[in-house]
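J.: Any chance you could fold what I've pasted below:
(one chain, ligands or ions: 1)
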Amino acid sequence: MTRIALLQMDLVFGRPEDNKQKAGKMIEEATAQKAEIVVLPELWTTGYALTKISELADPNGQAFQAFFSEQAKKYGITIVGGSIAERSTDDAVFNTSYTFSHTGERLNAYRKIHLFQLMDEHLYLHAGDQVTTYDIHNVPASTIICYDLRFPELTRTLALSGVQMIFIPAEWPHPRLQHWRQLQIARAIENQLFMISCNRVGKAGDTEFFGHSMVVDPWGEVLLECSEEEGVFVVDIDLSLVAEVRKKIPVFADRRPHLYTSAHF
Ligand SMILES: O=C(O)CCC(=O)C(=O)O
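T.: Presented below is the predicted three-dimensional model:
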């Protein structure tokens, strides 16, 4: 069994230091509950403070990578660090997710590839152009961010590369709770892997974030669905279920990819 903790935070808008202090306390709480992997929400250091995101963004993600590394090493845990605003050397701002191993080494850096126009991301942020995978204790994993969940091609590509856990930091608001739930369950069933999400709670202006962070297993069972409250939520997952489900219903062996092309119409 692997114990996962979802740090379902409320955020202080545009205040990275305040949010960092809170995240530190929540990581400590997750560790006290013997979590091995902790997951944070999307843009948890700033929230969607897009009009001042350039000045708030972390230059090369350095300060927050140092924080993740130090916390991961201190507690001997893997940190899927949600995402932060990262300012690159040529002043482009990306929505970037870092993962650090229990020894404090960086395992992954992923820049959100699909920008969400409904929340003006495309006006302030740059899209990443690389899909990434990494191993957590020899288990292949990947991270996608929020709106990326709406693109089944992406999760399928990750599953075909062997990924068994997909982490989804998010700031997914009302009124799209059913989209959030159903998409994760469908992606888990069709790809026969674990979908592990962490959404924020609280309000930013008129936008209300509902939490409901989830862990869905490869059979589509919802192992954990959080409330709409802030908190540290813990669940154990059995990774051997991936092979078990794939043996029972061998969808990957049964695929007919040569037929899945528009050339046939
Ligand atoms: O797709 C959605 O409904 C929400 C996406 C979103 O809020 C985001 O990508 O930040």
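J.: Enumerate the residues of the chain near the ligand.
T.: 116, 119, 146-147, 150, 171-172, 176, 179 (Cβ under 6 Å from any ligand atom). All C-beta atoms are positioned from the backbone trio N, CA, C, and that covers glycine.
J.: Which members of those residues are classed as buried?
T.: Buried residues within those, defined by neighbour count using 16 or more other Cβ atoms under 10 Å: 116, 119, 146-147, 171-172.
J.: Need the worst-confidence member of those residues.
T.: Among those, M119 carries the lowest pLDDT, at 91.
J.: What sits closest to that one if chain neighbours are left out?
T.: Leaving out its chain neighbours, the residue that sits closest to M119 by Cβ to Cβ, 6 or more residues apart in numbering is Y48, at 6.1 Å.
J.: check contacts around that neighbour.
T.: Residues counted as contacts of Y48 (Cβ atoms under 8 Å, 6 or more residues apart in numbering) are 119, 171, 204, 207.
J.: Filter those down to just the ones in strands.
T.: 204, 207 (DSSP state E).
J.: And the contacts of Y48, which two are furthest apart?
T.: M119 and A204 (9.7 Å; Cβ to Cβ).
J.: Near the residue lying closest to G231 once chain neighbours are set aside, how many other residues are there?
T.: Leaving aside its sequence neighbours, G231 sits nearest to Q8 (Cβ to Cβ, 6+ apart; 5.7 Å). The tally of other residues near Q8 (other Cβ atoms under 10 Å) stands at 27.
J.: Can I get stretch 170-182 in CSV, CA atoms only?
T.: Presented in CSV, the C-alpha positions along stretch 170-182 are these (Å, rounded to 0.1, in the frame of the first residue of the first chain):
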residue,chain,number,x,y,z
ALA,A,170,-6.2,21.9,-10.2
GLU,A,171,-8.1,25.1,-9.5
TRP,A,172,-11.4,23.9,-10.9
PRO,A,173,-14.4,26.0,-9.9
HIS,A,174,-18.2,25.7,-9.8
PRO,A,175,-20.4,25.1,-11.7
ARG,A,176,-18.4,22.3,-13.4
LEU,A,177,-18.3,19.7,-10.6
GLN,A,178,-19.8,16.9,-12.7
HIS,A,179,-17.2,17.5,-15.4
TRP,A,180,-14.4,17.2,-12.9
ARG,A,181,-15.8,14.0,-11.3
GLN,A,182,-16.8,12.2,-14.5
